[in-house]
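> sequence and predicted structure below; questions after.
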Amino acid sequence: MTERKNKSISGRGVIGASLLLFFFLFVCARPAISQVRKQARPDAQKIILKYADKVKYDEARNPNMQIFVGNVVFSHNGLLLYCDSANFNQESNSFWAFGNVKMNQGDTLTLNSRYMFYDGNIQVAYASRDVVLKNRNSVLYTDSLMYDREYQLGYFVEGGKLIDAGDTLTSDWGRYNTANKVASFYYNVQLNNKEMRLTSDSLHYDTQTKVAHMLGKSNVFSGDSRIYTRNGYYNTQTKYAILLDSTRVVDNNQRLEADSIIYDQEKGISQAFKNIVYNDRVNKNILTGNYCYHNDSTGYTIAYDSAVVRNFSQGDTLHIHADTFKIYSYNLNTDSVYRVIHGYYHSRSFKNDIQSVADSLSYNSETCILSLWGNPIIWNESRQILGEEIYAFMNDSTVDSIRVVNQALMVEQLDSAHYNQITGKEMRFFFENGKLKENRVIGNVQTVYYAYDDSLMVGMNCMETSLARMFMAEKKLSKIWTKEAKGTYYALALASRDKAFLDNFVWFDYIRPLSKDDIFVWRAKSEGTEIKKTVRRTVPYQYLDKLKKK
């Protein structure tokens, strides 16, 4: 009998020391938890012993302690607790439980452990060793746990693992609310299931909605998709994410960054807001702006609010701005994927060798064709080209050729007072290494160009024809071929001012984009200088009844 008594006392000393160490670590690790209510409630119910095989007293060592051994059962305010043995202090309304400890609260909550201290006055249980807290379909595993029955909160500080419907959540320390089913985990947090892995500094996880609220540096890995954020919400079932701070989404060779992102991974749809950078590393395109919608499955993108498309596939970056961009993708999931970009209203572009302004534009990354509509203008070096429609063909990081349809006009500035001018129905420009080599003009051709003797300007030619080809050398006109031309040559001293300019001459240097930052500044043409689109005459429709009357 003495041996068993000493063994019991020794066991209580070891367990007591272990639980005291747990309390110390608990309070140090989370100062906010130390504010949990510690005073006994005046209306606290008394703990009741329901059953025990044996009852012992040790009046010499602890006159207030009752020792129960074998199939011990306590009840307290709707709580049932089972254990192999227990030390019960009726005066402090508390007990120590040892061996196969099981606490049941209704039919929804159970707490199992090897050891437990329970204070009935404040309704707080301190469990240690092989602790398992079950709350409906959620199970929390840890080595030590403080459970507050009144607030329905369980705290752990020595590592914990929560398993809920296929989701496994682990961290160094945290808490679980059995009332609203929300787990708050901190430090080295990981959330895993069959389809994704999430890491975070801090995480609040709702086991009912399956929504994880990430705080601090957080990553979500799912298939080929990667999500990075410092503040975001992610639904582990629907894969719907709301990312609010320093966020980016990476999917294969596409990367989206923004101040905030809404991402539906199941549908492949994302929306981004403020300071957006969308990088397509396959087609070497970058889209920036303050709003963007993108569909992964179709490759469709719309962007506006300071939107800029940058294409660096040809080496020298082409910067394009418009009020709104729509991007369509073709041959997705193949090696020949390409995109067509449509920009409309106030479009401006800048590239070192070519700049443009138009009401709307499109760019095809496969054919490298930049198309402009609505009072379009293109500049190359000292030349200005305009017409009703303009198509620029890009090749090897430079402009390869330009086609101008209807009311075509090319003006080349020689100095502040003299301009070479060519106008016609249609015009083609051919470049070599970014330098103009040939200009072809078709239909109603009129020209004004200046003749040189070495580097000295000596005269002015005015000419009309139906077809002209002009060849350039070292940035100067070297040869002209025409078909049935008529014209007049004027010595420079005799060239009149009214002959020096074509009827449709205009110089738009005040509109030209001067840098990649200048594309945001819209400068409209002066009133009356806009090109009016050619309207074809239609054959009048003949009505049978009118013909009969005639």
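Right, received. Where do you want to start? Residues are numbered from 1 along each chain as shown.
> tell me the helices and strands packed up against the helix or strand hosting F185.
Here F185, judged by DSSP states H and E, is contained in strand 182-192. Under the contact criterion of 3 or more Cβ pairs under 8 Å, 6 or more residues apart in numbering; DSSP states H and E, the helices and strands touching strand 182-192 comprise strand 160-164, strand 167-171, strand 173-177, strand 197-206. From N, CA and C alone the C-beta is placed, and that goes for glycine too.
> who's in contact with F88?
Taking Cβ atoms under 8 Å, 6 or more residues apart in numbering as the definition of contact, the neighbours of F88 are 47, 49, 65-68, 74, 94-95.
> just to revisit the earlier point, each with direction, which strands does the strand holding F185 pair with?
According to DSSP bridges, strand 182-192 forms sheet pairs with strand 167-171 (antiparallel), strand 173-177 (antiparallel), strand 197-206 (antiparallel).
> pull out the buried residues from that strand.
Of the residues in strand 182-192, 182-186, 189, 191-192 count as buried by neighbour count, 16 or more other Cβ atoms under 10 Å.
> how many degrees apart are that strand and strand 160-164 in direction?
In this structure, strand 182-192 runs at an angle of 90 degrees to strand 160-164, with axes from the mean of the first three to the mean of the last three Cα atoms, to 10 degrees as the basis.
> can you show me the strands along the stretch 401-550 of the chain?
Across the stretch 401-550 of the chain, reading from the start of the chain, the strands by DSSP state E, counting those that start in this stretch fall at 419-432, 435-453, 456-473, 476-482, 486-491.
> figure out which of these is closest to I227.
When the strands of the stretch 401-550 of the chain are ranked by proximity to I227, the top entry is strand 419-432, at 44.6 Å, counting by Cβ to Cβ.
> in the closest one, which residues are buried?
By neighbour count, and taking 16+ other Cβ under 10 Å as the criterion, the buried residues in strand 419-432 are 419-431.
> out of the residues you listed, the closest to S526 would be?
Y419 (17.2 Å).
> so what pLDDT did the nearest residue to M470 once chain neighbours are set aside get?
With Cβ to Cβ, 6 or more residues apart in numbering as the measure, N439 is the residue that lies nearest to M470, at 4.5 Å, once sequence neighbours are left out. At N439, the model reports a pLDDT of 90.
> which strand residues bridge N439?
Counting by DSSP bridges, N439 is bridged to F429, M470.
> how about L133?
Assigned bridge partners for L133, using DSSP bridges, are L111, L140.
> for H346, give its distance to S515.
H346 is 17 Å from S515, where distance means Cβ to Cβ, to the nearest Å.
> who's more crowded, those two?
More neighbours sit around H346 than around the other of H346 and S515, counting by other Cβ atoms under 10 Å; the figures are 20 against 9.
> quick one: strands adjacent to the helix or strand containing A97?
If you go by DSSP H and E, A97 is part of strand 94-105. Paired strands of strand 94-105, with direction, are strand 79-89 (antiparallel), strand 109-119 (antiparallel) (DSSP bridges).
> list the buried residues in stretch 359-369.
By neighbour count, and taking 16+ other Cβ under 10 Å as the criterion, the buried residues in stretch 359-369 are 359-365, 368-369.
> now the residue nearest to Q105 when sequence neighbours are not counted, which residues is it bridged with?
Leaving aside its sequence neighbours, Q105 sits nearest to L79 (Cβ to Cβ, 6+ apart; 5.4 Å). On the basis of DSSP bridges, L79 is bridged to H76, Q105.
> hmm, back to that, winner for burial among the strands paired with strand 182-192?
Each of the strands paired with strand 182-192 was given a mean neighbour count from mean count of other Cβ atoms under 10 Å, and the largest, a mean of 23, is that of strand 173-177.
> rounded mean pLDDT for it, please.
For strand 173-177, the mean pLDDT works out to 94.
> same thing with stretch 45-54?
pLDDT averaged over stretch 45-54 equals 92, rounded to a whole number.
> how about stretch 459-476?
Mean pLDDT, taken over the full extent of stretch 459-476, equals 87.
> not counting its own residues, what contacts it?
Around stretch 459-476, the neighbours that count as contacts under Cβ under 8 Å, 6+ apart are 381, 422, 424, 435-452, 477-492, 495, 499-500.
> can you check stretch 53-70 too?
When contacts are taken as Cβ under 8 Å, 6+ apart, the neighbours of stretch 53-70 outside the stretch itself are 5, 8-9, 49, 52, 71-72, 84-92.
> pull out the buried members of the contacts of stretch 459-476.
So, by 16+ other Cβ under 10 Å, the buried ones in those are 422, 424, 436, 438-442, 445-450, 477, 480, 482, 490, 495, 500.
> from the chain's centre, how far out does the strand holding A97 sit?
A distance of 50 Å separates the centroid of the chain from that of strand 94-105, by Cα atoms, centre = their mean, to the nearest Å.
> ok, stretch 366-375 next?
From the chain centre to the centre of stretch 366-375 is a distance of 28 Å (Cα atoms, centre = their mean).
> kindly report the same for stretch 284-297.
Distance of stretch 284-297 from its chain centroid, counting by Cα atoms, centre = their mean, is 9 Å.
> and it, which residues are buried?
Residues of stretch 284-297 classed as buried under the neighbour-count rule (16+ other Cβ under 10 Å) are 285-292, 294, 296.
> now it: average pLDDT?
Averaging the model's pLDDT scores along stretch 284-297 yields 88.
> what helix or strand is I327 on?
Of the helices and strands defined by DSSP H and E, I327 is found in strand 324-330.
> other SSEs contacting that strand?
Going by 3+ Cβ pairs under 8 Å, 6+ apart, strand 324-330 lies up against strand 285-295, strand 301-304, strand 338-351.
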